[in-house]
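> Output the structure for:
(one chain, ligands or ions: 1)
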Amino acid sequence: MKIAIIGTGYVGLPTGVGFAELGNNVVCIDQIVKKIEELNNGKITLYETGLEELFHKNRANGRLKFTTKMKDGVTGADIVIIAVGTPTHPVTKESDMKYIYAAAGELAQYLTDYTVVAVKSTVPVGICDDIEDIILKGNPKADFDVVSLPEFLREGFAVEDFFNPDRIVIGTESERAKALIAKLYEPFECKNRFLFVSRKSSEAIKYAANSFLAVKVHYINEMADFCEKSGADINEVARGMGFDSRIGMKFLQPGPGYGGSCFPKDTIAMVTMANNYGVKLNIIETAVKHNHLRKKKMSERITNAVAHIYNPVIAILGLTFKEGTDDVRESPAMEIVQEILKNGLSVKVYDPKGIKNAEPILKDTVYYADSIVDACKDADICVILTEWQDFKKFPFEEVSKVIKTPVIMDLRNILNREEAVGKGFIYHSLGSKR
Ligand code: UGA
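A predicted model of the protein is given here:
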């Protein structure tokens, strides 16, 4: 099949590479000239585990192309996938549809034969109707269907999730479109989990799922607060809850708050969207408010831990919003670093992939370390803010030789308490009095 993908971000690029790997001819389109130049020169523009190899392979075999010209990608495509950003509008707090509407308006003129326009960007309920209207206005003779095709892949695991989705949600009433999308996903294992639903349900599923997961993270964070006071241990409590198959183990890991380009934006958009219909989503609203406060609380916790030290130095491990990605957008770690800098602390940071994106924001306010040991050298405390696998193999012995005081504050609960204490460290984690 010939596929055009509009938008080469964390959804568009892995999706394009994935469909090329499955044998389709894919053209990725983006307005940002520099990005397309880099991609055309064989330089991948974002980090995703396992993506680079497939990117080079499919560029080399000619199935994956990049262009800034909508015409070159869309003309003759069987399926046009819209995967542009839908950031929170600064004033209305709704998801901003300007990029989506612009893409729809521009692509309309290039539709020739029957085409499915599949919307992968996260859009509020009813937006696919608007997209249909915009395309019809731009090209009244166009033969097309607009399908809602929400994406559920996680950053950091985009390649794995692309090839092994839990389900494929396909929002359309059109039999022609259903057949074409089913053909696109034919190579996937999860055929018994193709969900054909209405377009509006499909749009709602994405927000409902992301908001539910954000609430789940918020829930376990509040339970961690409770455990700290009551003497229970959140790691034990989460395991005990998670073995109940109705609850499940996933998303029960306490942390400094959820972040990233999806949960914070989508929860706010969900609440705003519901408000517009006169529906109050109290649980999600509470999660939004307290997730924000949590980052402040974590900054205070760090500041208080070194309050007795003159000119304390803090080693921060992790800047990205989670492991496996170079993305620092809405990262709790970034917010916490900026907050403790305001409190006058000296900060050394290390992140395996996130420094490049963090540097333009943190500038020269911090020391950029090139390893865990380098970050911990002469530090008064080591704080873990991202759950990187690398950090799980913490080099206790090397760090104990260079750190000023052997204190670890593990705000992701990734280290083993007994091991840390056994190696002579004072170990603080979330959700435990010990
Ligand atoms: C999320 C969803 O999980 C994807 O299904 C969805 O496709 C994506 O948004 C999207 O809308 O595009 P993502 O933003 O990549 O994916 O990140 P998650 O893995 O969901 O993590 C979100 C945040 O929650 C991170 O800051 C993470 O550290 C935090 N988290 C997650 C926890 O603190 N504890 C957990 O147990 C799980």
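> Point out the residues in this protein that sit beside the ligand.
122, 151-155, 210, 213, 217, 251-253, 255, 258-260, 262-263, 321-322 (CB under 6 Å from any ligand atom). For the C-beta atoms, the positions are set from N, CA and C on the backbone; glycine is no exception.
> Quick one: buried ones out of those?
122, 151, 153-155, 210, 213, 217, 251-253, 255, 258-260, 262-263, 321-322 (16 or more other CB atoms under 10 Å).
> hmm, who's touching stretch 290-307?
For stretch 290-307, contacts defined as CB atoms under 8 Å, 6 or more residues apart in numbering pick out 214, 217-218, 221-222, 256-258, 264, 267, 312, 314, 332, 335-336, 339-340, 343, 345, 380-381, 383, 407, 409, 411, 428.
> do that again at 7 Å, thanks
Applying CB atoms under 7 Å, 6 or more residues apart in numbering, the contact partners of stretch 290-307 are 218, 221, 256-258, 312, 314, 332, 335-336, 339-340, 343, 345, 380-381, 383, 409, 411.
> Which ones among the residues you listed lie within helices?
Mapping the contacts of stretch 290-307 onto helices (DSSP state H) picks out 218, 221, 332, 335-336, 339-340.
> Of these, grab the buried ones for PyMOL.
With 16+ other CB under 10 Å as the burial test, the buried ones among those are selected in PyMOL as follows:
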select buried, resi 218+221+332+335+336+339+340
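> now the ones in helices among the contacts of stretch 290-307 in CSV, with pLDDT and distance to residue 27?
Formatted as CSV, these follow (pLDDT from 0 to 100; distance: CB to CB, whole Å):
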residue, pLDDT, distance to residue 27
218, 98, 40
221, 98, 42
332, 98, 36
335, 98, 37
336, 98, 41
339, 97, 43
340, 97, 45
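> Let me have the ones in helices among the contacts of stretch 290-307 in TSV, adding distance to residue 402 as columns.
Shown next, in TSV, are these (distance: CB to CB, whole Å):
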residue	distance to residue 402
218	36
221	32
332	26
335	27
336	23
339	26
340	21
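> What is the nearest of the ones in helices among the contacts of stretch 290-307 to the ligand?
The nearest member of the ones in helices among the contacts of stretch 290-307 to the ligand, counting by CB to the nearest ligand atom, is residue 332 at 6.4 Å.
> wait, isn't that closest one in contact with residue 260?
No: when contacts are counted by CB atoms under 7 Å, residue 332 is not listed as touching residue 260 (9.3 Å).
> shared neighbours, those two?
residue 321.
> Do you have the strands of this protein handy? List them.
Assigned by DSSP state E, the strands in the chain fall at 2-6, 25-29, 64-67, 79-82, 115-119, 144-148, 168-171, 194-197, 313-317, 346-350, 367-368, 381-384, 407-410, 426-429.
> Nearest approach to residue 180 belongs to which of those strands?
strand 115-119 (5.1 Å; CB to CB).
> Tell me what angle the closest one forms with strand 144-148.
Here strand 115-119 runs at an angle of 20 degrees relative to strand 144-148 (axes from the mean of the first three to the mean of the last three CA atoms, to 10 degrees).
> between strand 115-119 and strand 2-6, how big is the angle?
40 degrees.
> Paired strands for strand 115-119, with orientation please.
Strand 115-119 pairs in its sheet with strand 79-82 (parallel), strand 144-148 (parallel), by DSSP bridges.
> Redo the strands of the chain as TSV? Include mean pLDDT.
As requested, the strands of the chain are exported to TSV (pLDDT from 0 to 100):
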stretch	mean pLDDT
strand 2-6	98
strand 25-29	98
strand 64-67	98
strand 79-82	98
strand 115-119	98
strand 144-148	98
strand 168-171	97
strand 194-197	94
strand 313-317	98
strand 346-350	98
strand 367-368	98
strand 381-384	98
strand 407-410	98
strand 426-429	97
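> All set, thanks.
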